[in-house]
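> everything below, folded, please.
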Amino acid sequence: MSLPTKLTFWNTVRYSTLALCVLGLVLSLFTLIGFGRGLLALLVFGALVGVGVYDLVQQKHAILRNYPVLGHLRFLLEFVRPEIRQYFVESDTEQQPFSRAQRSVVYQRAKAEPDQRPFGTQLDVGAEGYEWINHSLQPTRLPSHDFRLWIGGQPGQPLPGAQPCTQPYHASVFNISAMSFGALSANAVLALNLGARMGGFAHDTGEGSISQYHREHGGDLIWEIGSGYFGCRNDDGTFNAERFAEQARDPQVKMVEIKLSQGAKPGHGGMLPAAKVTPEIAAARGIPQGKDCISPAGHSAFSTPVQLLQFVARLRDLSGGKPTGFKLCIGHPWEWFAIAKAMVETDITPDFIVVDGAEGGTGAAPVEFADHVGVPLQEGLRMVHNTLRGVGLRERVKIGCAGKVITAFDIVRMLALGADWCNSARGFMMAVGCLQAQTCHTGHCPTGVTTQDPVRQRALVPADKAPRVAQFHKNTLHALQELLQAAGLTETDEVTAHHIVRRIDDAEVRLLSTLMPLLPERAILDDLDGLPTVYRLFWPLASAHSFQPVHLPPAIDTANRDHYRAHGGDAGGGGGADTKVVRSGYDVVA
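Reported below is the predicted structural model:
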């Protein structure tokens, strides 16, 4: 049996760093006593020796017990790794989650600096998934880049349906997406809202309600109502109609948006710890200071699709007839179809729907939710657009969208997939100084954008950043104007999926219109059997009176049992009226 190798200074680095610190301490002590010099070195080496001794006796970190002093280098490198990667390692086109090229174009447009790039594209035009917009040999010339649309009908021309909007809003096609005060600092909210007022576009409050900082500069607001009903709640967290009406009728509030789910963490509630509920946050949300602030996963004001639409109509009435709609990240297809069925049954339609993609998310979320929950924007947007066409209601409902929309091509691509306008959260965060440090949830944001620390947020000066918000908006829409002109178009609503081309492999490209076909008007109501799988499979499961999938009639079950099994479903084997599809995937969201 061999004996363990004797540890020495020369055959291991485990304790050598501590040994060198001890040697430095002895030498500095000698020079201080003998020559009157070396006090600073004595203090430094003394501190290092103290750290090393503590590392040896502490029991929390194994690496520090084995590598006293030296082991701290590992934690330092781990701490600065994101910055090292972002600034020195990753390429200009590597998205983590936004590439350096994407961030650069935001900074350049926000600062009104030249955004042209020399020497050609850095993208691999032969790579699978590369996309472009076809240009025209007869470009148009547009008079303005201020592209706008009416939401909720037009003045004096209300939309058909029950309890229509009477105060339509003339919105920009590019607006600030939902971010709450509390998640954002006071100075960030001030800068965003002042920038929105300067640029003539809308600022979504997020579910944290309307704070004093949203009101200070008077920029147009979209008031988002979440499951916590912040700003319009009773003490028990339920909806309070009187408090809602009081705020919603403020002229600064232009639209009301019910948040059903968000791309960052759909189906997941949240909690703001008591320690973070400052007096200002408590006042904005209408909650007690010093207590945990709970955002439930679901709403208490409604529990069925019909009740949701009745709630939409109620808020529209309480707000004085302002455009009212909802935001969601698509999940179970039958739940969205149930809402569409409720629209048909009640004749109540929202004035708008904002589709949030799973790739979106300014707030912190559990990694499983951020990575694997929710339908991405492309599929969710196309499903909402096609469903509304399929039930004959598309002209009554405007569609907004959000999810990594940064450049004018991002906007034009979303317009091609069915959106009427786009929202951006992280783009406007970068416009006010965000550098993608990804410390938003820690309170240690280095630029003061996502922190309540008064010292940190002091670094963000609203008067300096607000013009950047307006300039980012203006220059992005100017780029959109140039894209439309190059394609020979005159309006944003002329953009279709026929204009965008995607590379499938090195030898094949296809139009988006062939990859994601457009449903004919009323096709779901008139010709369901001829539609893609997702509609044939899930439309029969949807009920206007429940978000749960319904039992299948015997005829449908018998005709589709093999189809369900082929697509991952379980028809129960027995058939009959009690059969319930409990595991059904879908192959195409088109």
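
> hey, let's count contacts and neighbours off CA atoms from now on
OK.

> and Leu484, what does it touch?
140, 490-492 (C-alpha atoms under 8 Å, 6 or more residues apart in numbering).

> what does Glu257 give?
222-225, 324-327 are the contacts of Glu257 under C-alpha under 8 Å, 6+ apart.

> tell me the most packed of those residues, by neighbour count.
Thr324 (31 neighbours; other C-alpha atoms under 10 Å).

> can you count the residues close to the residue nearest to it when sequence neighbours are not counted?
What sits nearest to Thr324 in space, not counting adjacent residues and going by C-alpha to C-alpha, 6 or more residues apart in numbering, is Val256, at 4.7 Å. Applying other C-alpha under 10 Å, we find 24 other residues in the vicinity of Val256.

> bridging residues for Val256?
Trp223, Thr324 (DSSP bridges).

> what about it, distance to Val44?
According to C-alpha to C-alpha, to the nearest Å, Val256 stands 60 Å off from Val44.

> what do you get for Ala497?
When Ala497 is compared with Val44 (using C-alpha to C-alpha), they lie 66 Å apart.

> tell me which helix or strand of the protein sits lowest on mean pLDDT?
Least confident helix or strand, the chain: helix 554-566 with a mean of 45, by mean pLDDT, DSSP states H and E.

> can you give me the strands for the stretch 251-400 of the chain?
Counting by DSSP state E, counting those that start in this stretch, the stretch 251-400 of the chain has strands at residues 253-259, 270-272, 293-295, 324-328, 352-356, 398-402.

> where does this protein dip in pLDDT?
For the chain, the stretches with pLDDT under 70 are 1-13, 86-95, 362-364, 551-590.

> who has more neighbours out of Ala497 and Val44?
Neighbour count, other C-alpha under 10 Å: between Ala497 and Val44, Ala497 has more, with 22 against 16.

> just to check, that one is in contact with Leu515?
No - using C-alpha atoms under 8 Å, Ala497 is not in contact with Leu515, being 9.2 Å away.

> can you tell me which helix in the protein is longest?
helix 462-486 (DSSP state H).

> mind listing what's buried in that one?
For helix 462-486, a neighbour-count test (16 or more other C-alpha atoms under 10 Å) marks 462, 465-478, 480-486 as buried.

> likewise stretch 234-243?
For stretch 234-243, by 16+ other C-alpha under 10 Å, it's 234, 237-240.

> what's next to that stretch, contact-wise?
Under C-alpha under 8 Å, 6+ apart, the answer for stretch 234-243 is 228-229, 231-233, 287, 300-301, 318.

> now with 6 Å, please.
229, 232-233 (C-alpha atoms under 6 Å, 6 or more residues apart in numbering).

> and what of stretch 209-225?
190, 193-194, 196-197, 202-207, 230-231, 252-259, 284-285.

> just flag the most distant two among the buried residues of stretch 234-243.
Spanning the widest gap among those are Gly237 and Asn240, at 8.8 Å by C-alpha to C-alpha.

> as a markdown table, the buried residues of stretch 234-243 with secondary structure and distance to Asp115 would be great.
Converted to a markdown table, those look like this (DSSP: H, G, I helix; E, B strand; the rest coil; distance: C-alpha to C-alpha, whole Å):
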| residue | secondary structure | distance to Asp115 |
| --- | --- | --- |
| Asn234 | coil | 49 |
| Gly237 | coil | 48 |
| Thr238 | coil | 48 |
| Phe239 | strand | 47 |
| Asn240 | coil | 48 |
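
> closest to Leu519 out of these?
Phe239 (37.6 Å).

> hey, what's that closest one bridged with?
Arg233.

> before we move on, back to that, neighbour-wise, which of the contacts of Leu484 leads?
Thr492 leads these on contacts (other C-alpha under 10 Å) with 21 neighbours.

> measure it to Ala408 for me?
12 Å.

> next: Leu43.
The gap separating Leu43 from Ala408 is 57 Å, by C-alpha to C-alpha.

> of those two, who's got more company?
Neighbour tally, Leu43 and Ala408, criterion other C-alpha under 10 Å: the higher count belongs to Ala408, 20 against 14.

> against Phe538, how distant is Thr324?
Counting by C-alpha to C-alpha, the gap from Thr324 to Phe538 is 27 Å.

> Gly153 now?
31 Å.

> just Gly290 next, same as before
The value you get for Gly290 to Phe538, if C-alpha to C-alpha is used, is 46 Å.

> name the nearest residue to Pro467, ignoring sequence neighbours.
Gly195 (5.7 Å).

> quick check, the one you found in a helix?
Yes - going by DSSP: H, G, I helix; E, B strand; the rest coil, the assignment for Gly195 places it inside a helix.

> contact partners for it?
466-467, 469-470.

> span of stretch 529-536 from start to end?
End to end - C-alpha to C-alpha - stretch 529-536 spans 6 Å.

> so how far is it off the chain centroid?
Relative to its chain's centre, stretch 529-536 lies at 30 Å (C-alpha atoms, centre = their mean, to the nearest Å).

> got the buried residues for that stretch?
Buried-residue list, stretch 529-536, by 16+ other C-alpha under 10 Å: 531-536.

> need these in CSV (columns: distance to Met271 and secondary structure).
Below are the buried residues of stretch 529-536 laid out as CSV (distance: C-alpha to C-alpha, whole Å; DSSP: H, G, I helix; E, B strand; the rest coil):
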residue, distance to Met271, secondary structure
Leu531, 42, coil
Pro532, 40, coil
Thr533, 39, helix
Val534, 35, helix
Tyr535, 36, helix
Arg536, 39, helix
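
> now for those residues: which two are most distant?
Longest span within these, C-alpha to C-alpha: Leu531 and Val534, 8.1 Å.
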